[in-house]
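>>> Using only what follows, build the 3D model:
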Amino acid sequence: MRVFLRFWFTLLALLAATRSYAESLIAPQRVSLEAVAELKPAPNWHLAGGLAGDPRRDKVLTPAPGVGVLVNVPTAKEKEQLLTTWTHGDLELDLDFLMAPGSNSGVYLQGRYEVQLFDSWGVKSPKDSDCGGIYQRWDETRGEGKKGYDGVPPRANACRAPGLWQHLHIEFQAPRFDAAGKKTKNARFQKVVLNGFVIHENVEVAGPTRSAIAADEQPLGPLMIQGDHGSVALRAISYKRFDAQAAVRAENISYQLHSGPFKSISEYEKQKPTREGPLTKFSESAVEKSGRFALVFTGSLVLPRDGEYAFTVDTYTTARLLIDDELVVLPQERGTEPATRVLKAGAHRFRLDHIHNFGGRPMLDLLVEGPGIAARSIMANEPRVVDNERSQPIMIEPGDDRIRMQRGFVPFDPKKRLYATSVGTPAGIHYAYDFETGSILRVWRGAWLNMTEMWRERGENQLAKSAGPSLTLNSLPTVAMLEFPKTSGWPDQLDPLFSSQGYTLEANGQPVFHSTLASLEISDRVAPSADGSGLERTLTFKGATSFWETCVLLAEADEITPQPGGGWVVGDREYYIDFPKNSAYQPVLRKRAGRQLLLVRLNKTLLDESLVYSLVW
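Take a look at the predicted model:
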């Protein structure tokens with residue numbers, strides 16, 4: 001038990017020191033793409049309802065009629081940058097983008113600091129010029145080979161294939177200036193996330209990157225999208241602009257300490273506190289305490305302007321927050337439920353209760369976000385000391401010439417998969433496989449596995465986490481029998497007649513998974529495609545199917561559409577399924593309960609017949 005508790009509190013301290021703030025409860029502003037009121041007109045940028053043609057292969061994207069998407073179609077004469085009519089300092093930005101093959105663009109914060117957009121699909125060692133890179137600065141006077149400098153490559157290549165929608169999230173801090181206009185702090189990319197993978201954190205930029213709209217630096221500048229290099233599409237652009245000068249502060253802080261074990265907030269409210277008094281700083285660490293206790297802070301929160309405020313109490317035990325005697329942040333058995341309130345500028349009474357009912361070091365923080373005010377802690381807590389050795393993740397990679405497998409629980413929404421394995425390949429294309437359903441749970445490129453939660457201390461979670469940028473698929477059975485093929489949906493539960501039969505290994509470690517469904521024998525081989533474009537799956541069947549229709553599920557999504565060049569686009573241009581035109585089997589589309597299923601129907605009798613298709617993302 002002591003070992004477990006030591007691991008638990010070490011992990012909590014690590015999470016506290018390295019956590020990013022929870023997803024905001026305050027909605028961002030959206031750039032309307034039904035009109036272009038927030039964007040300066042540019043002849044090469046077109047409003048569209050989507051994309052026609054074949055975005056996977058066309059080097060110039062073709063706008064489809066409608067609104068909701070911006071498409072850049074540059075020509076020799078029309079190749080202007082896209083600029084917002086508004087300017088920004090600190091900014092949080094989200095957008096979807098889609099690259100044509102070989103295309104090049106970029107997102108310039110304040111028109112000066114670029115995050116590169118590029119078709120870097122398949123690049124193993126990305127540079128600052130690849131997708132997600134913070135582009136280099138440029139100085140003609142530095143001499144040949146030295147003109148470009150200070151570029152920062154992404155941690156990993158999280159880029160998807162051409163013609164697929166990708167998501168970019170940026171948290172940017174503008175440069176700071178004193179009253180005389182002298183720069184006191186450089187601009188900083190606090191976080192950049194590409195397709196759900198963090199590619200930058202706390203990257204400082206000493207000056208404008210190449211092709212900026214100006215060589216100087218200012219407190220404010222417009223957002224710019226590069227339009228003179230290649231064809232790109234944008235949609236779902238949203239943002240939050242923050243005023244660096246506006247802040248929420250706490251005043252007139254007092255505390256009450258109740259020593260002893262408490263399970264709920266109501267237990268100590270009528271008891272005399274062990275100690276109480278004023279505090280010079282609002283901090284949980286400012287109160288001397290030990291063991292188990294309840295701590296109550298009271299005082300005033302001073303809000304700089306009218307509007308909607310979001311409140312988050314960050315703790316792993318129980319807490320609550322009242323503002324003007326109204327319960328705002330609700331207590332839970334472990335942690336709290338954050339909330340928003342519309343409040344007037346000025347002082348508001350608050351009360352913050354915190355119960356620490358475990359041994360070990362307590363954790364408490366109060367974060368507030370408001371109109372034009374970034375989420376910040378208003379408590380003056382001491383930085384948490386982290387054991388640097390323990391904070392380093394435990395990573396493993398496949399061999400240079402051998403495929404490797406690692407058993408372990410695979411994290412998967414809504415619950416982790418218990419009977420699964422992760423397969424890493426020297427080609428840098430990896431996947432997680434579910435023995436229970438015969439499904440490919442997740443695919444990814446780059447680094448293979450983070451084994452920290454499986455191998456450190458007692459490894460209570462037993463999680464084998466993908467270490468590279470990943471695409472999550474589904475955990476539905478791959479092969480199923482449908483009693484009513486024209487009306488049945490796909491089963492989400494395991495068929496009682498399905499049984500995993502383990503796997504065999506080829507000479508290089510390549511696994512082939514085996515299973516049976518009634519009297520049907522199934523072999524499943526998943527390996528990198530010969531051209532490195534994705535994973536090729538070969539399902540081999542032997543035996544007989546039942547009198548029910550037996551089908552293979554290739555994909556399930558809200559939308560599945562044929563590609564002009566063959567194969568299928570899955571979901572909202574999330575990934576591709578390539579299918580050989582000369583295959584004895586051809587997929588069929590069925591729609592059930594608002595979802596589309598891409599299926600292959602098997603013959604009644606099979607003798608070493610194979611179904612081959614590829615996943616490309």
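>>> So C159 sits against L117, correct?
No: contact criterion Cβ atoms under 8 Å: C159 and L117 do not qualify, at 9.2 Å. C-beta coordinates here come from the backbone N, C-alpha and C atoms, glycine included.
>>> Which neighbours do these two have in common?
M99, C131 (Cβ atoms under 8 Å, 6 or more residues apart in numbering).
>>> The two: who's more crowded?
Taking neighbours as other Cβ atoms under 10 Å, C159 and L117 compare with L117 leading, 29 against 26.
>>> got a list of what the more buried one touches?
Each residue near L117 by Cβ under 8 Å, 6+ apart is listed here: F97, M99, N104, S105, G106, V107, C131, L168, Q226, V232.
>>> Which single one of those residues is nearest to S475?
L168 (27.9 Å; Cβ to Cβ).
>>> Next, count neighbours for the closest one.
Neighbours around L168, by other Cβ under 10 Å: 22.
>>> Mind listing the residues bridging to A339?
F311 (DSSP bridges).
>>> Correction: the previous question concerned G346.
Where G346 sits in a bridge, its partners, by DSSP bridges, are L303.
>>> got it, and the one 10 residues further on?
Residues found in beta-bridge contact with H356 (criterion: DSSP bridges) are F293.
>>> Just to check, A215 is in contact with E140?
No: with contact defined as Cβ under 8 Å, A215 does not reach E140; the gap is 11.6 Å.
>>> So if I had to pick from the two, which one is more boxed in?
A215 (9 against 6).
>>> count of residues packed around the closest residue to the more buried one other than its chain neighbours?
Closest residue to A215 apart from its sequence neighbours, by Cβ to Cβ, 6 or more residues apart in numbering: P208 at 5.9 Å. P208: 22 surrounding residues under other Cβ under 10 Å.
>>> same question, A236
If you count neighbours by other Cβ under 10 Å, A236 ends up with 15.
>>> Does it touch L98 like I think?
No: using Cβ under 8 Å, A236 is not in contact with L98, being 11.2 Å away.
>>> ok, now which ones touch G532?
Contacts here follow Cβ under 8 Å, 6+ apart; on that basis G532 touches G122, A427, I429.
>>> Quick check: phi and psi at it.
Reported as degrees, to the nearest 10, the phi and psi values for G532 are phi 80, psi 10.
>>> measure it to D401 for me?
Between G532 and D401 the distance, using Cβ to Cβ, to the nearest Å, works out to 16 Å.
>>> same check, this time on G260
62 Å.
>>> quick one, strands of the stretch 251-400 of the chain?
With DSSP state E, counting those that start in this stretch, the ranges of strands along the stretch 251-400 of the chain come out as 275-278, 293-303, 307-314, 318-323, 326-331, 336-337, 339-343, 346-356, 365-370, 373-377, 395-396.
>>> Tell me who's in contact with the residue most central in space within the chain.
What sits nearest the mean C-alpha location of the chain, by Cα atoms, centre = their mean, is G196, with 2.3 Å. Contact analysis of G196 by Cβ under 8 Å, 6+ apart lists A158, H167, P469, S470.
>>> May I ask which of those has the most neighbours?
Neighbour-wise, the contacts of G196 (other Cβ under 10 Å) top out at A158, 27 neighbours.
>>> give me phi/psi at the closest residue to that residue other than its chain neighbours?
Ranked by Cβ to Cβ, 6+ apart and with sequence neighbours excluded, the top spatial neighbour of A158 is P469, at 3.6 Å. Note on P469: its backbone torsions stand at phi -60, psi 130 [degrees, to the nearest 10].
>>> Could I get the pLDDT score of P469?
pLDDT, P469: 97.
>>> Okay, it and L598: tell me how far apart.
Distance from P469 to L598, by Cβ to Cβ: 24 Å.
>>> circling back to that earlier point, nearest approach to R417 belongs to which of the strands of the stretch 251-400 of the chain?
Nearest of the strands of the stretch 251-400 of the chain (Cβ to Cβ): strand 395-396, 19.0 Å.
>>> Can you give the strand pairings for that closest one, parallel or anti for each?
strand 449-450 (antiparallel).
>>> moving C-terminal of the partner strand, what's the next helix or strand?
On the C-terminal side of strand 449-450, the closest following helix or strand by DSSP states H and E is helix 452-455.
>>> what's that next one in contact with?
So helix 452-455 is in contact with P393, I394, G408, F409, G459, E460, N461, Q462, L463, A464, K465, going by Cβ under 8 Å, 6+ apart.
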